[in-house]
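Visitor: build me a model from this:
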Amino acid sequence: MGSSVPVRCPACRRDHAYEPPVFPCACGAPLAPPLQRDAPAQTVTHRTWTDSWVTVRCESCGRNDQWPQPELGCGCGAVLRIPVRPAPTVPPTAEPAGRPAMRPESLRTDESVTASASDVGAGPGVGAGPDTGAHPDAGADAGTPRERSRAPRPPFRPLTIRTARDAVTAAALYLKWLGFRGILQSPEHPASGIDLRAPGLVAQVDPSTEPSTLRDVECLWLHGLNQSSVAVFFSLTGYEPAARARAEELGVPLFVLDLTGTPKPATRAADDLAGSSTGTGG
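Guide: From the prediction side, this is the model:
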């Protein structure tokens, strides 16, 4: 796991060294698709849902799960599909304890974020979601949780984006303003694609000049699912229509960052997440 394999482009005969991405299994073990070293790469000419995913078995727990099909972009413009060894067929097993069901509505909405705000403030690693300022020990006459008074927040102060790292920092500042605590930035170009982490949160920031893709959104969603965390995506250039549509189905908050560093919600889930804050952007 983690070693590169030689890949030759069938279109231009150029040789590449490819290292498969590593994902976290539900049991916590690192997992990389087992590549067929002697099988030639195939040029992707038409995409289907079935061809975009492969079944990979975890050697630690024996679980079979669907993971993104390894691909490599060649300098000649071809996209290469890297062959993966087929996973052995095993009988279906029950979901591990504590793992959420694979359904779009598993993403927290405004109500669930508000309900867990007191847990987040208890300390690092406890609860998931932003701190909305609700007080759990308020009296019954204070009304429902959404009607209770919240501590006001100052306006969001964005960071002007001049570099790719500025984009990550701007996203981190916005998530902190929303109420997430203990946010950590990953090293530049992390293999997992996750740029920001916090208790109950994983976030990716795409500073490229091309719209973020369907594959980008689905990979981030998988990371959030396996870590029982809210998965949030920030993009400087926006999203492909298929990526935005899929994010709406899965309930993934998508934000578009402008060069002033101000995120703008691009999906309903992003509106819900931004709405859980009592501050206003500016």
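
Visitor: name the SS class of the residue nearest in space to the middle of the chain, please.
Guide: For the chain, the residue nearest the mean C-alpha position is Leu220 (2.6 Å; C-alpha atoms, centre = their mean). Three-state assignment for Leu220 (DSSP: H, G, I helix; E, B strand; the rest coil): helix.

Visitor: tell me who's in contact with it.
Guide: Taking C-beta atoms under 8 Å, 6 or more residues apart in numbering, we find Leu220 in contact with 193-194, 202, 204, 231, 233, 252. Heads up, the C-betas are built off the backbone N, CA and C, glycines and all.

Visitor: tell me the buried residues in the lengthiest helix in the chain?
Guide: Ranked by residue count under DSSP state H, the longest helix found in the chain is helix 164-178. Within helix 164-178, the residues scored as buried using 16 or more other C-beta atoms under 10 Å are 166-178.

Visitor: of those residues, which is the nearest to Lys264?
Guide: Set against Lys264, the nearest of those by C-beta to C-beta is Tyr174 (10.6 Å).

Visitor: which non-adjacent residue is nearest the closest one?
Guide: Ranked by C-beta to C-beta, 6 or more residues apart in numbering and with sequence neighbours excluded, the top spatial neighbour of Tyr174 is Pro263, at 5.1 Å.

Visitor: ends of stretch 236-253, what's the gap?
Guide: Its first and final residues considered, stretch 236-253 spans 15 Å by C-alpha to C-alpha, to the nearest Å.

Visitor: model confidence over it, on average?
Guide: For stretch 236-253, the mean per-residue pLDDT is 94.

Visitor: from the middle of its chain, how far away would it be?
Guide: How far stretch 236-253 lies from its chain's middle: 12 Å, per C-alpha atoms, centre = their mean, to the nearest Å.

Visitor: any residues touching it, and which ones?
Guide: By C-beta under 8 Å, 6+ apart, the residues outside stretch 236-253 that reach it are 104-107, 161, 167, 206-214, 216-218, 220-221, 224, 230-233, 254, 256-257, 259, 265-270, 272-273.

Visitor: buried residues in it, which are they?
Guide: Applying 16+ other C-beta under 10 Å to stretch 236-253 flags 236, 238-240, 243-244, 246-247, 250-253 as buried.

Visitor: and Thr169, how far is that from Phe233?
Guide: 16 Å (C-beta to C-beta, to the nearest Å).

Visitor: no, scratch that, I was asking about His16
Guide: 27 Å.

Visitor: have a look at these two and say which one is more surrounded.
Guide: Applying other C-beta atoms under 10 Å to His16 and Phe233 shows that Phe233 carries more neighbours, namely 27 against 17.

Visitor: name the element the more buried one belongs to?
Guide: In this structure, Phe233 is located in strand 230-235 according to DSSP states H and E.

Visitor: so what does that strand touch, helix or strand wise?
Guide: helix 164-178, strand 201-206, helix 214-226, strand 254-257, helix 268-275 (3 or more C-beta pairs under 8 Å, 6 or more residues apart in numbering; DSSP states H and E).

Visitor: need these in TSV (columns: distance to Pro154).
Guide: Formatted as TSV, these follow (distance: least, C-beta to C-beta, whole Å):
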stretch	distance to Pro154
helix 164-178	9
strand 201-206	21
helix 214-226	29
strand 254-257	20
helix 268-275	16
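
Visitor: looking at those, which is nearest to Asp51?
Guide: Nearest of the helices and strands packed on strand 230-235 (C-beta to C-beta): helix 214-226, 11.7 Å.

Visitor: tilt between the closest one and strand 201-206?
Guide: Helix 214-226 runs at 160 degrees relative to strand 201-206, counting by axes from the mean of the first three to the mean of the last three C-alpha atoms, to 10 degrees.

Visitor: all good on my end, thank you.
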